[in-house]
Every structure is written in C-alpha cells, then in structure tokens.
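this is a predicted model, with the sequence first.
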Amino acid sequence: MFPSMYVSIYKMTENSLESHDANAKQTNLAANVSGDVLLMKKRRQCSLEWEFIATILDRLFLFVFILTVLLVTTGYSHQLAFGLEG
C-alpha cells in the first residue's frame, strides 16, 4: 500500500513541477517580449528625436544658404551698378 501511495504522490509532485515549469517559461517569454517591446519603443523614440534634430538643422542650413545667395547676389549687382567691376 505504501509504495503505490509514494508513487502517486511522486507523480502528482512531478506533474505539479512540470506545470509550474510551463508557467515559468510562459512568464519568462512574456517578460522577454515585454522587454523587447520596450527596447523597440526606446529605439524608435531615439530615432524620432534624431529625425527632429536633422529637420531643424536642415532648415537652418537652408536659411543660411538663402541668406548667403541673397547677399552675394546683391553685392555683385551693386558692383555692376556702380561700375566697380574687378
């Protein structure tokens, strides 16, 4: 009687541990997926910030270029108007 009872208890414990391991694996998988999602969100946020900085610098360089072109053009046209050709 006792050996069968021990076998039964052993099998119940073994089944319980297997189900616990399966739950732990699912939990670890969920934690890994959650961590991956957070990492992806941080990378995307960083990418968006750099894109914003690049847009600002692009506008700044466009403004400097337009200003330079206007100054050089008006300076050159003034030279022609006053007969100061070099």
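Received it, and whenever you're ready, just let me know what you need.

use CA for all of it now, contacts and neighbours both
Noted.

Ser77 - how many residues pack around it?
Look at Ser77: counted by other Cα atoms under 10 Å, it has 13 neighbours.

that one is in what secondary structure piece?
If you go by DSSP states H and E, Ser77 is part of helix 2-81.

average pLDDT for that helix?
For helix 2-81, the mean per-residue pLDDT is 80.

roughly how far does Ser77 sit from Leu70?
The gap separating Ser77 from Leu70 is 10 Å, by Cα to Cα, to the nearest Å.

ugh, typo on my part, it should be Val33
Distance from Val33 to Leu70, by Cα to Cα: 55 Å.

also Arg43?
Taking Cα to Cα, one finds Arg43 at 41 Å from Leu70.

got it, and Lys42?
With Cα to Cα as the criterion, Lys42 and Leu70 are 42 Å apart.

and if you look at Leu60?
In terms of Cα to Cα, Leu60 sits 15 Å off from Leu70.

repeat that for Arg59.
Arg59 is 16 Å from Leu70, by Cα to Cα.

cool, and Gln45?
Where Leu70 is concerned, Gln45 sits at a distance of 38 Å (Cα to Cα).

please apply the same query to Leu39.
Leu39 sits at a distance of 47 Å from Leu70 (criterion: Cα to Cα).

same check, this time on Ser47
Counting by Cα to Cα - Ser47 and Leu70 are separated by 35 Å.

so what's Ser34 up against?
Residues in contact with Ser34, defined by Cα atoms under 8 Å, 6 or more residues apart in numbering, are absent; none qualify.

C-alpha coordinates for stretch 28-39, PDB please?
Extracted in PDB, the C-alpha atoms of stretch 28-39 (Å, rounded to 0.1, in the frame of the first residue of the first chain):
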ATOM      1  CA  ASN A  28       9.800  34.400 -19.000                       C
ATOM      2  CA  LEU A  29       8.600  34.500 -22.600                       C
ATOM      3  CA  ALA A  30       6.200  37.300 -21.700                       C
ATOM      4  CA  ALA A  31       8.900  39.200 -19.800                       C
ATOM      5  CA  ASN A  32      11.300  38.800 -22.800                       C
ATOM      6  CA  VAL A  33       8.600  40.000 -25.200                       C
ATOM      7  CA  SER A  34       7.800  42.900 -22.900                       C
ATOM      8  CA  GLY A  35      11.500  43.800 -22.700                       C
ATOM      9  CA  ASP A  36      11.900  43.600 -26.500                       C
ATOM     10  CA  VAL A  37       8.900  45.900 -27.000                       C
ATOM     11  CA  LEU A  38      10.300  48.400 -24.500                       C
ATOM     12  CA  LEU A  39      13.600  48.300 -26.300                       C
END
